[in-house]
Each structure stands twice: as C-alpha cells, then as structure tokens.
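> Sequence and predicted model, in that order:
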Amino acid sequence: METATLTSSFIGTSNRGFALYAQDEVRRLIPGTKCTELSDQEVFLMQCPISREEVIARFGAEEPIFVRHLHPVDATTELNRQESDLHRLAALVSREWSFRTGERLAIQVRKQDRLELPYSPAQVREALTDKLEQLFQIEPVPREAERIVSVYVTADTAYVGLSAPSDNLSDWAGGAVRFQREEDQISRAKFKLLEAEQEFGLDLAAFSNGLDIGAAPGGWTSLLLERGLRVTAIDPGDMHPSLVKHPKLTIYRRNARDVQFPPQSFDLLVCDMSWSPLQMAKLLIPLLDALRTGGTAIVTLKLMHGKPFQTVKDTSRTLAPYLELVRAKQLFHNRDEVTLFLIKR
Ligand SMILES: C[S@@+](CC[C@H](N)C(=O)[O-])C[C@H]1O[C@@H](n2cnc3c(N)ncnc32)[C@H](O)[C@@H]1O
C-alpha cells in the first residue's frame, strides 16, 4: 500500500545576521528540515518533512527565539524579471484561492535584498490587490487582516502563500514591526519596550509601580509614564530634561549596585543596561526582592560571544531561583540582543 508523505515549505525570517540560529531552531523543532538561504543571513526557505498544519502547530507550541516570521509556500512561479511577472503573479493568486466578498485581506510582498527588478514590491501588491478586488471584492487592509497573502520574490522565483495572521508568528510583513517615530521621542530604545508589550501580550497600563534599571536617557521610562505608572529610574547617566520634573518619576542618578528598595515595592521591573549578561544578572539579583511576587520583569540580554542559546540558558538559570522565564525573543528592534519576559517567583 502506498503511503502519502506530507511535506511543506515555508519562508522563514530572522533579524539580519541571525538566520543560522533561526535555522538551528527550525531543525530542532522539525528534524530533517532543509534550509536554503535566500537573503543575506535573514531570509531562508524551509523544506519540512511534515505537513503545513503540523509545522504551524509546532511553532505555536514552542515559540522560537530567533525565527521572527514565517509564511507557508503554497505555490511558486517562475519569474522573468519583466513587467509580465505582475500579471503572472496576479493570475496565480486568483487561480489558487477564492476569497469571500468583503474579506479583510493583507497582501505582503517582499523581495530579496539588493535584487534589481523593473517593478517594486509595492507594484506587485497593487497588481494583486486590483485583481482580487475586481474578482472577489476583497477589502485590502495593511493589518488586522483575516488572512494574509505573502509573496517573496527572488531573481527567478516567487514564493506565494495564504495563511491566517496567527500562523505567521507576526502579522507584520517579514515580522518587521514598524512604530511611528514621535517628534519628541527620547530614544529609539522606546521601540523595544513597545514591541515587547505587543509581542508578550502585556498591558503596561495594568501595572502601577515600575522600576527602570539602566534608564537613561529615558525612552522606556517615558513609555511607562505614558501608560500611567509611577516610575523609579536608576542610571548614573542623565535622564532627558523633558522627564526630570515629571510628578510620577523618581530618579536615582546612581549605579544600580548602590541602591536598595523595600521588599515588594514594584509590580514591574524593566532593565535595559546593555551589559554582559553575567554582570547584569549579578547586579539585578539583589534588587529582585523589591519586585512583588508574581510581578513582571522585562530584561534585554546582550549577546556577547556568538553562543546565544547558551547565553539565554545560562542567564535564565542564574535568575531561576528568583524569576521564572516565560519567553525569550529576539525582537525586531533588538540588535545584538534578545528580550526576556520573566515572572517573579
Ligand atoms: C541602552 S541604555 C538604556 C536606554 C533606555 N532603556 C532608554 O529607553 O532610553 C543603557 C543604560 O544603562 C546604564 N547603565 C549601565 N550600567 C549601569 C549600572 N550599573 N547601573 C545603572 N545604570 C547602568 C547606562 O548608563 C545607559 O544609560
């Protein structure tokens, strides 16, 4: 009797420079997966020996640290790098699937880095949108879609998939989370905490008393203040002048090793010190008594020596008597870092 072998393909994306770690995660989660790099240490094709549904289920059960985004490859088409590719892609998508009238559909198109084409990803998106509006009267939306059509364009092939946003690990194209830069924004670091709030499903406004360690110039502090928290900021460096007189902010212009607080003073601790993980953990531990039992900690972890899995393991083991690791994730706004979400024991 013949047995059907169910295989599937996906496009995976990590932060640039971290694709090899992302591929390690993929192979650990789905042994036997073949990964082929498509874009400079960032985007890769995954050929998995299990079904599409099983791949999605495994990623849902064990969220990866470095795989930022996934989309299934349900169809491919050859490309000629000519305008006619636009028609070919629109025809493929409209032939492959049907859509409900009024369906909120996001069409996300990316291309290989440095690839020269006679059309832009935006033009591909427009061509697909026009076709699907005309045929199915879909409602094109950038976010909060019911389903996402994903297209990844290389020199000779387009990889196309249709999936629910929750299947893709992130509903941003390639997991590239974009926030509007505010005119008076104090630091780019603010985006890291904004993204952590989204990624970990936190509601920062639900906390009342935050401790910010390594707070200057104050991007994270400013977000916590915006969310209505009372904030204690520790940093020997200068906080931004726009913050110093804030009625809900107390600033200690000191090294974190020289401050102490009564037990259970805070329900949120954030730490973005950009230090060696071991030093950071040593500095953090004496302050953890001040975090309430069940309180949340968000900590950025600098990846120093090219052994990121070991660094996350060692640090979470050092912190384990005090903090339980809920998730570790390399956020889009992290550089050579990952962000830890922990709960006080
Ligand atoms: C990456 S910056 C923090 C950026 C900040 N999260 C923001 O949003 O603006 C790192 C900060 O950690 C501070 N830092 C480093 N070591 C520290 C220590 N031992 N105690 C307190 N702050 C420290 C540095 O002075 C620096 O201002």
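Noted; the coordinates are in hand.
> Next to the ligand, which bits of the stretch 101-250 of the chain? Give me the list.
With the criterion set to Cβ under 6 Å from any ligand atom, the stretch 101-250 of the chain comes near the ligand through 186-187, 189-190, 213-220, 234-237. Just so you know, the C-beta spots here come from the backbone N, C-alpha and C atoms, and that holds for glycine as well.
> repeat that for 5 Å
The interface of the stretch 101-250 of the chain toward the ligand, taken as Cβ under 5 Å from any ligand atom, is made up of 187, 189, 214, 216-217, 219-220, 235, 237.
> Can you say which of the residues you listed are buried?
Among these, those scoring as buried are 187, 189, 214, 216-217, 219-220, 235 (criterion: 16 or more other Cβ atoms under 10 Å).
> just the residues of the stretch 101-250 of the chain next to the ligand now: which is nearest A205?
Lowest distance from A205 to these (Cβ to Cβ) belongs to W220, with 14.7 Å.
> so the closest one is in which element?
According to DSSP states H and E, W220 maps onto helix 219-226.
> in that helix, what's buried?
By neighbour count on 16+ other Cβ under 10 Å, the buried set for helix 219-226 is 219-225.
> same deal with stretch 98-109?
Neighbour counts using 16+ other Cβ under 10 Å place 99, 103, 105-109 of stretch 98-109 among the buried residues.
> Dump stretch 125-135 to CSV, keeping only the CA atoms.
Coordinates of each C-alpha in stretch 125-135 appear next as CSV, following Å, rounded to 0.1, in the frame of the first residue of the first chain:
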residue,chain,number,x,y,z
ARG,A,125,1.0,44.4,-4.1
GLU,A,126,-1.1,46.8,-6.3
ALA,A,127,-1.4,44.4,-9.1
LEU,A,128,-2.6,41.6,-6.8
THR,A,129,-5.0,44.0,-5.0
ASP,A,130,-6.5,45.2,-8.2
LYS,A,131,-7.1,41.7,-9.4
LEU,A,132,-8.6,40.4,-6.2
GLU,A,133,-10.8,43.5,-5.7
GLN,A,134,-12.1,43.0,-9.2
LEU,A,135,-12.7,39.3,-8.9
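> and that stretch, average pLDDT?
Per-region confidence: stretch 125-135 scores 98 on mean pLDDT.
> now it: how far from the chain's centre is it?
Distance of stretch 125-135 from the chain centroid (Cα atoms, centre = their mean, to the nearest Å) equals 29 Å.
> what's in contact with it?
Residues from elsewhere that reach stretch 125-135 (Cβ atoms under 8 Å, 6 or more residues apart in numbering): 86-87, 89-91, 93-94, 99, 105, 107-109, 138, 140, 149, 151.
> Counting residues, name the longest strand you see in this structure.
Looking across the chain with DSSP state E, the single longest strand is strand 291-302.
> sorry, back to before: so which of the buried ones among the residues of the stretch 101-250 of the chain next to the ligand are in helices?
219-220 (DSSP state H).
> about what we covered before: tell me which other helices or strands the longest strand of the chain touches.
Applying 3 or more Cβ pairs under 8 Å, 6 or more residues apart in numbering; DSSP states H and E, one finds that strand 291-302 makes contact with helix 190-199, strand 266-271, helix 277-284, helix 308-319, strand 337-344.
> List the neighbouring strands of it plus their orientation.
As defined by DSSP bridges, the strand partners of strand 291-302 come to strand 266-271 (parallel), strand 337-344 (antiparallel).
> and D238, what does it touch?
The contact partners of D238, taken as Cβ under 8 Å, 6+ apart, are 216-217, 253.
> Looking at the closest residue in space to V141 that isn't next to it in sequence now. What's its pLDDT?
Excluding the flanking residues, the one nearest V141 by Cβ to Cβ, 6 or more residues apart in numbering is R104, at 4.7 Å. We have a pLDDT of 98 for R104.
> Domain parsing of this structure, as residue ranges.
Listed by automatic domain parsing, the domain ranges of the chain are 1-176, 190-344.
> Dump the strands paired with strand 291-302 to a markdown table, plus distance to the ligand and mean neighbour count.
Shown next, in a markdown table, are the strands paired with strand 291-302 (distance: least, Cβ to the nearest ligand atom, whole Å; neighbours: other Cβ atoms under 10 Å):
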| stretch | distance to the ligand | mean neighbour count |
| --- | --- | --- |
| strand 266-271 | 8 | 25 |
| strand 337-344 | 9 | 22 |
